[in-house]
Every structure is written in C-alpha cells, then in structure tokens.
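J.: sequence first, predicted coordinates after that:
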Amino acid sequence: MSGFIEGEDRTQATLFPERIDDYVAEDSPVRVVDVFIDDLDVSGLGFRTEPNATGRPSYHPKMMLKLYVYGYLNQVQSSRRLEREAQRNVELMWLTGRLAPDFKTIADFRKDNGEAIRMVCRSFVMLCRKLGLLNNTMVAIDGSKFKAVNNRDKNFTRAKMKRRLAELEASIDRYLTQLTEVDATETDEDKGQVLEDKIAQLREETARLKKHEVRMLEAPDKQLSLTDPDARSMKSRGTGMVGYNVQSAVDSQHHLIIAHEVTNVGNDRSQLSPMAKQAKAVLQRETLDVVADRGYYNGDEIRTCEQAGIDTYLPKPKTSSNKAKGLFDRAAFTYIDEDDEYECPAAERLSYRFTSSERGKDIRRYWSSACSRCSIKTQCTTGDNRRVSRWVHADVLARAQARLDKQPDAMRVRRATVEHPFGTIKSWMGATHFQMKTLPRVSTEMSLHVLAYNMKRAINVLGTKEILAAIRA
Ligand code: SF4
C-alpha cells in the first residue's frame, strides 16, 4: 500500500505513547469531568466515602461519578454500555485509572445515590455562577413531556379502560353471533371450535382488565401504569403519551439549566413558583425576572412569586367564550380602582355586590342595574344583567400584565431560551427517553442529563482551559 498513509505495526511493543495522559487532549471535556469531581466534597453531598471495614473494598464514589458524568456527556447512559466502554475507551481508562466495574455495580451506584447525584448537578450550576455565566436576571421556565418506560397499552385511565372493555365486549358479541350461525347450520365444526377459543381468550382478557380496573380505581388519580407505576398519561403536542413532565428554569443568556424538577403532573399550572423560587435560591439573588408561557398562568402562583421578590412575565390564557359568541369580552370592562367599580361599554357603572368562594379563591361580583334598559344589551349578555367577577388579589394580575406590556419581546426570549436545552437533551436520550423506572430514579437520570448538558454548554461558552483554571484556582 505504498503511496498511502500507513498505520503502526500492531505487533510492535511501543504502539501506544508511553503515558496514557498523552492520549487525552489538553482541551478534552474529560479533563473538566476529572477536575470538577476531584474538587467536590462528595461526603458533604451525601455519598458514602468510608471504606468497608470487612469484605471486598468498594469503588470510590468519585470514580463512579466520573464514569457516569463521562457516560452522559457522551450519550452512553446504560450501565452495560458503560461497563464495556470502561474496558475499551482510552479516555475512560484515563479518567478511572483503568478501573472497570461490572454493570451491576454501575447500575446500583446510580440507583442508590439519587439525592447526592442531584446535589452534584447543583454544584455545577454553582460553579457556573462563580464563573460569571449566570449574571443575567431573566430566567425562562418551561416544561416538556419525556417518555417513560411504559407502553401506552400498559397504562389505564378510566376512559381508556371503559373503551377497551367496550371493545372486548363488542368482539365477544360478534363472535357469539357468528357461533350461533355456525351452530344453526351445523356445517363447520372446526370453525365453531376456533370461534369458541377466540371467545374464551377475549373473556380471559376481560377478566384481566377487570382486575387492573380495581387497582386503577384504588389509585388517588384513578390511573394505573403497569411497567413504571409513577408514569402518567399526559398530552404532548396534541397526542397522548405515558411519561413525566420535566420542569426547568433556564438562563436566557447562555441557556444553562439553573434548576429542574421531574414531576408526573400533566400540566404546568402549579409549577411556576416552585421552579422560580428554586432558581432564585440557586442564583442567590434578591430579585428575579421569570418568563413562562400561558400554561403557567395561575393567580395564586403569580402572587406567591411576587411575595418572594420574583417578577413574572406571562400571557393570560384566552378562556372567555363571549367573544366567539359575539358578546363583549372581559377586556371591554374597565376597573375603576378608586371607586371599586367597573365601567361597561355603555358607560354604566357595575357596582360591587357580594364575595363568593370559587375553588378556594375569593371572588368579588359586580353588576349594574341599568342592563334591563340598555340599548346594546344584545351585544353584552343573554341574561338579565352582565356580571363581572374579580379575584380579591386581581391587582397582582394587573401588575403582571403591565410588566408584560412594557416588555413585548419577553415571549420571544422565552421561546429562544427554553427550546435549546430540552431539544438537546431529548436528542441525546434517543427515541425512548428515560431508561429507569419510578419517579426518584427518573429524577436521578434527569439530573445526570442536566449536569452533562450544563457541562457541555459551559465548555462551549468558556472553553475547557478557562474552566479548568477556574476550578483549580
Ligand atoms: S348590558 Fe349592562 S353591562 Fe352590558 S353594556 Fe349594557 S348596561 Fe353595560
């Protein structure tokens, strides 16, 4: 093969450089993994660092952590693949000192150290703050649905169960009708047997579903997932999936994930203040601006944020059906603060009448006595008079709307911020998303993904050498 670039002779004694360190580039991300974890006080984070008094010595948690962080950084998440990589990957040999635990030991480490791994993820965010990567005051909060290890057919809600039982019943009826016809003609005994077998199978399936139904109805949310009991059926982009709703608070400048939380609640309505408060605590700020989409709009949550020094920017959902019916919508009524009255499109005043409680909220009711003689009543109400409701803390919502009006590009910032992290992590996870089952373990898996994502992002922004220097300083 003369004239071509030639490789080394594999039988020679010095094929590899003499030091394994020469195989790892100076700016390789694996060096960040190594230095970052070496610098951590892992016993303070909850890992067990005391060696066993008797029996076989165990692997140090720092070594196991390095193995995992490297794995998630390079899209090697399964314990079996990590075991293989530790035996053949030169960077991993360098990182672990050529230690190669078996897959069971690797899997157990992730399973047994969930909370501590979460703290490692947080420590890296703290490092990013120290590096000046989180100086921006705007944080975007968003949720995304991730698939669980649970097939849709192995998840039952009341509606699904009803549908499946009805389908089975219809099939049994159909076969019974066919069986009656076969019996009547007495022409084909084999066909009769086949139909009887099918009916027996369907009855067995019905009995199995009935047992699941009992378990499903015992659950507080009347839902049952057979493979991953914590996974829940949720809507994602118009279709249904069984999975988890992962919440994140993302920095709008460098798109680093400041805080994250895995939940199995299908909507975002109760997530705004917990995520915003977590982000504020991590950033150690007195105040914080938080932007979110209309799925997070919840008066109580906005109020809790305001009380915690967090300014929210989020649009109001369009829930009123009046406009579609050709009637004045709520925006046509102006609240007159000093009089505690509303002014309607006919320039009449709607006075306060009484306060009632609705789903735990105190709601004030207003209406006018002039409706019966109003010339534009047909455009306003189909009832005797138009009633307007106002939450007792509606001033909180008015301030939130005023903030959003002053910052019209907040929604564009939100979109540009939150799509990057979730898109990247999902592409790393592949089509199946989570590999582990149950909420605590899935949360650990997510923390490792977030840590790997943040590490890669910080390296892209600052470069390996600067990060290494900052950690060593
Ligand atoms: S119907 Fe009543 S509330 Fe509506 S515009 Fe007329 S007076 Fe105002």
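T.: Here it is on my side, so go on. The shown structure was predicted, so the numbers you read here are calculated from the model rather than taken from an experiment.
J.: could you pull up the residues touching H433?
T.: If a contact means Cβ atoms under 8 Å, 6 or more residues apart in numbering, then H433 has F146, K147, A148, G243, K426 as its contacts. For every residue, glycine as well, the C-beta is placed using N, CA and C.
J.: quick one: which of these is nearest the ligand?
T.: When those are compared for distance to the ligand (Cβ to the nearest ligand atom), G243 wins out at 46.1 Å.
J.: would you agree that closest one is in contact with K235?
T.: No: proximity of G243 to K235 does not meet the contact threshold set by Cβ atoms under 8 Å, at 10.6 Å.
J.: anything in contact with each of those two?
T.: Once Cβ under 8 Å, 6+ apart is applied, the residues that G243 and K235 both contact turn out to be K145.
J.: higher neighbour count, these two?
T.: G243 (28 against 11; other Cβ atoms under 10 Å).
J.: one step back: narrow the contacts of H433 to those in strands?
T.: When the contacts of H433 are checked against strands (DSSP state E), the matches are F146, K147, G243.
J.: got JSON lines for those residues, with pLDDT and distance to V291 too?
T.: Supplementary listing: the ones in strands among the contacts of H433 in JSON lines, determined by pLDDT from 0 to 100; distance: Cβ to Cβ, whole Å:
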{"residue": "F146", "pLDDT": "94", "distance to V291": "22"}
{"residue": "K147", "pLDDT": "94", "distance to V291": "27"}
{"residue": "G243", "pLDDT": "94", "distance to V291": "25"}
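J.: can I get these in TSV including distance to the ligand?
T.: Formatted as TSV, the ones in strands among the contacts of H433 follow (distance: Cβ to the nearest ligand atom, whole Å):
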residue	distance to the ligand
F146	47
K147	49
G243	46
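J.: looking at those, which is nearest W94?
T.: Checking the ones in strands among the contacts of H433 against W94 with Cβ to Cβ, the nearest one is F146 at 32.2 Å.
J.: hmm, that closest one is touching G430, no?
T.: No: under the criterion of Cβ under 8 Å, F146 makes no contact with G430, lying 11.5 Å away.
J.: the more surrounded of the two?
T.: Set F146 next to G430 and count neighbours by other Cβ under 10 Å: F146 wins out with 25 against 10.
J.: distance of that one from Y244?
T.: Separation of F146 from Y244 (Cβ to Cβ, to the nearest Å) stands at 5 Å.
J.: L134 sits in which helix or strand?
T.: Counting by DSSP states H and E, no helix or strand carries L134.
J.: that one: neighbouring residues, count only.
T.: Burial measure for L134: 22 neighbouring residues, criterion other Cβ under 10 Å.
J.: name the nearest residue to P29, sequence neighbours excluded.
T.: On the basis of Cβ to Cβ, 6 or more residues apart in numbering, the spatially nearest residue to P29 that is not a chain neighbour turns out to be I459, at 5.4 Å.
J.: ditto for R269
T.: Counting by Cβ to Cβ, 6+ apart, R269 lies nearest to N298, which is 4.8 Å off, once chain neighbours are set aside.
J.: wait, the one you found sits on A292?
T.: No: with contact taken as Cβ under 8 Å, N298 and A292 are classed as non-touching, separated by 10.1 Å.
J.: the two: who's more crowded?
T.: When N298 is set against A292 and neighbours are counted by other Cβ under 10 Å, the residue ahead is A292, at 29 against 18.
J.: my guess is that one contacts V413. True?
T.: No: between A292 and V413 there is no contact under Cβ under 8 Å: 11.2 Å.
J.: now the common contact residues for the two.
T.: Shared contacts of A292 and V413, defined by Cβ under 8 Å, 6+ apart, are found at A140.
J.: quick revisit: for the contacts of H433, work out which two are farthest apart.
T.: Taking Cβ to Cβ, the two most distant members of the contacts of H433 are A148 and K426; they sit 13.7 Å apart.
J.: neighbour-wise, which of these two wins?
T.: A148 (29 against 17).
J.: chain neighbours aside, what residue packs nearest to the more buried one?
T.: Once its chain neighbours are removed from consideration, A148 has its nearest residue in A231; the separation is 3.4 Å (Cβ to Cβ, 6+ apart).
J.: ok, the one you found - contacts?
T.: Contact criterion Cβ under 8 Å, 6+ apart gives A148, V149, N150, N155, S225, V242, G243, Y244, N264, K437 as the residues in contact with A231.
J.: please apply the same query to Q87.
T.: For Q87, the residues meeting the contact criterion (Cβ under 8 Å, 6+ apart) are A100.
J.: secondary structure class for I141?
T.: Taken by DSSP: H, G, I helix; E, B strand; the rest coil, the conformation at I141 corresponds to strand.
J.: partner residues bridging it?
T.: A249 (DSSP bridges).
J.: again with E261
T.: When bridges are taken as DSSP bridges, the partners of E261 come out as Q247.
J.: can you show me the CA trace of stretch 40-54 as CSV?
T.: What follows is the C-alpha trace of stretch 40-54 in CSV, where atoms were taken according to Å, rounded to 0.1, in the frame of the first residue of the first chain:
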residue,chain,number,x,y,z
LEU,A,40,-16.1,18.1,45.1
ASP,A,41,-16.6,17.3,48.7
VAL,A,42,-18.6,14.2,47.9
SER,A,43,-19.1,13.1,51.5
GLY,A,44,-20.8,16.5,52.1
LEU,A,45,-23.1,15.8,49.2
GLY,A,46,-24.3,12.6,50.7
PHE,A,47,-22.1,9.9,49.1
ARG,A,48,-20.6,7.2,51.4
THR,A,49,-16.9,7.7,51.4
GLU,A,50,-15.9,5.4,54.3
PRO,A,51,-14.3,2.2,53.0
ASN,A,52,-15.9,-1.1,54.0
ALA,A,53,-14.4,-2.4,57.3
THR,A,54,-14.6,-6.0,56.1
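J.: which residues touch that stretch?
T.: Judged by Cβ under 8 Å, 6+ apart, the contacts made with stretch 40-54 from elsewhere in the structure are P57, S58, H60, P61, K62, L65, N113, E115, A116, M119, V120, S123.
J.: and those, which of them are in helices?
T.: Assigned to helices by DSSP state H, the following of the contacts of stretch 40-54 qualify: P61, K62, L65, E115, A116, M119, V120, S123.
J.: which of those residues has the most neighbours?
T.: Neighbours here are counted as other Cβ under 10 Å. On that basis the top member of the ones in helices among the contacts of stretch 40-54 is L65, with 25 neighbours.
J.: could I get the contacting residues of it?
T.: The contact partners of L65, taken as Cβ under 8 Å, 6+ apart, are I37, L40, V42, F47, I117, V120.
J.: show me where this structure has strands.
T.: With DSSP E as the criterion, the chain has strands spanning 138-147, 155-157, 223-225, 232-236, 239-251, 257-263, 288-291, 310-313, 334-336, 341-343, 349-358, 361-367, 387-391.
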